[in-house]
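1. test case, fold it:
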Amino acid sequence: MIEAVMFWNEPNNLSHWDFHLDPDWAIYSGMVKLASEAVSAEDGEVRKVLGGISPIDPGFITNLKGKGVLDSIDVVAVHGFPLDWNHWTIHEWPEKISEIQAVTDLPVWVSEVGVSTFGAEEVQEFGLKRSAELLIGRAERIHWYSLYDLPRTWPATTRHREAEGSAYYRHFYMGLLREDGTPKRALRLFTEYAPSLGICQWFHFEDHRLEGAVNWLRRLGVRKLRTGLSWADSFRPNAGAWFDRQMRALEEFDLTLTFCFTPDSRGLRPDHTSPPSRPEEFAEFCSAMVRRYAHAGA
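-> Sure thing, here's the model as predicted:
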C-alpha cells in the first residue's frame, strides 16, 4: 500500500539536484507544487512528502516555505549520517530535528538514517542502537538506510565518485546485509526496533535482490518501507513490466514511494540531476504512478 509519495531525493544535495541550474530552487518549488496537485487529483489520501533533505538545513525549508511549497505538502523529511558524512555528532539528532520543527508545523520524518560498516561492523551496531534511542518517539517515520550493501560493481550516486576517497566508499557499506546477502552484526539488533524503525531500500532497474529483500523485510518485522520509482527508468524498454513486478512484490508494506531522476532527454542538460525543462512532465509521471499503483493492493 502506498501511504506516501516523496518528491525527489535530497533536493538540496548537488549529487541529486543540480542547483547550479536552479540556484534558488524556483524550478524545484514549481515542480513540487505541480506534482502535489497532480497526486491529489488521483488520490486525496496519499500523503505528500517533500524530498528528504541532506544536509539538514532549516534555511532550505524556510526558502521553500516562502515560495508556498509547504502549503502543498503534508510532511517534510530529513536525512542524517553523523557517523559517516555529517559535521555533527550522533548525539545531536534531537537538536537537528528541533531545528526543522522551529521553521515548520508540518511533521518531520527521518526518511534516511544509517551508519556504514566501512571501518568496523561494531560501529554500525553502536550507531543503530544510539539512533533508535534518540529518534524513536521523536519522528513519526524513521527509515533505516539500508537493508543491503550497494554491490561494489555498481556506481554510487555521487558527483566525484572515487575522487571523494573514503567518503565515496562508505556508500557501499550501509547495509544490514552484505552484498552477498549474509547478515552483519547489527541485523539481529534491528529486530528489537522494528516496526518502529522502517527501512529505506533502493531497487535498481530489474534488481536481482528484490525477492530476497522482501523475505528479509518479513523476517525482520518491517512494516514501513521507503523506496523509489525512477522517472528516468520509465523511458527504458520494459519499464512498465519492471515497475509492476516491483510494486507487486512490495504491496504488503506501507510504502513511501520516492519519485526522482530526470530522463536525459527531459532535462535542462542530459543528466539525472538536472531540473526538467518541462516540470509538468514530472507531475504527469507522479500522477500516472499513483493512478497505477495506489490501490493496486487494496
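
2. burial of residue 266, as a residue count?
-> 19 (other C-beta atoms under 10 Å). Where C-beta positions appear, they are placed from N, C-alpha and C, glycine not excepted.

3. and what of residue 132?
-> There are 20 residues near residue 132, going by other C-beta under 10 Å.

4. what about it, distance to residue 189?
-> Between residue 132 and residue 189 the distance, using C-beta to C-beta, to the nearest Å, works out to 9 Å.

5. residue 201 now?
-> The value you get for residue 201 to residue 189, if C-beta to C-beta is used, is 18 Å.

6. more neighbours: which of the two?
-> For residue 201 versus residue 189, neighbours defined as other C-beta under 10 Å are more numerous around residue 201 (26 against 16).

7. neighbours of the nearest residue to the more buried one once chain neighbours are set aside, just the number please.
-> Nearest residue to residue 201 in three dimensions, chain neighbours excluded: residue 147, at 4.5 Å (C-beta to C-beta, 6 or more residues apart in numbering). Neighbours of residue 147 under the rule other C-beta under 10 Å: 23.

8. surely residue 147 touches residue 202?
-> No: judged on C-beta atoms under 8 Å, residue 147 makes no contact with residue 202 at a distance of 9.8 Å.

9. quick one: what helix or strand has residue 3 in it?
-> Here residue 3, judged by DSSP states H and E, is contained in strand 2-7.

10. meant to ask about residue 227, not that
-> strand 224-230.

11. can you pull the buried residues of the following helix or strand past that strand?
-> Using DSSP H and E, the helix or strand that follows strand 224-230 towards the C-terminus is helix 239-250. Using 16 or more other C-beta atoms under 10 Å as the test for burial, helix 239-250 gives 239, 242, 243, 245, 246, 247, 250.

12. output the contacting helices and strands for helix 239-250.
-> helix 210-220, strand 224-230, helix 279-293 (3 or more C-beta pairs under 8 Å, 6 or more residues apart in numbering; DSSP states H and E).

13. what angle do the longest one and strand 224-230 make?
-> The reference is to helix 279-293. Angle of helix 279-293 versus strand 224-230, following axes from the mean of the first three to the mean of the last three C-alpha atoms, to 10 degrees, is 130 degrees.

14. also the first one?
-> Helix 210-220 and strand 224-230 meet at an angle of 160 degrees, taking the same axes, to 10 degrees as the criterion.

15. now do the strands in the protein.
-> 2-7, 47-50, 76-80, 108-113, 142-145, 198-200, 224-230, 254-260 (DSSP state E).

16. and the fourth one, what's its mean pLDDT?
-> The average pLDDT within strand 108-113 is 98.

17. and what of the last one?
-> Per-region confidence: strand 254-260 scores 98 on mean pLDDT.

18. residue numbering should commence at 19 henceforth.
-> New numbering, starting at 19: the last item is strand 272-278.

19. how confident was the prediction at residue 182?
-> 69.

20. any idea how far stretch 95-114 is from the middle of the chain?
-> A distance of 16 Å separates the centroid of the chain from that of stretch 95-114, by C-alpha atoms, centre = their mean, to the nearest Å.

21. buried set for that stretch?
-> 95-102, 104, 108, 110-111, 114.

22. now swap in stretch 230-242 and tell me
-> By neighbour count on 16+ other C-beta under 10 Å, the buried set for stretch 230-242 is 231, 232, 234, 235, 238, 240, 242.
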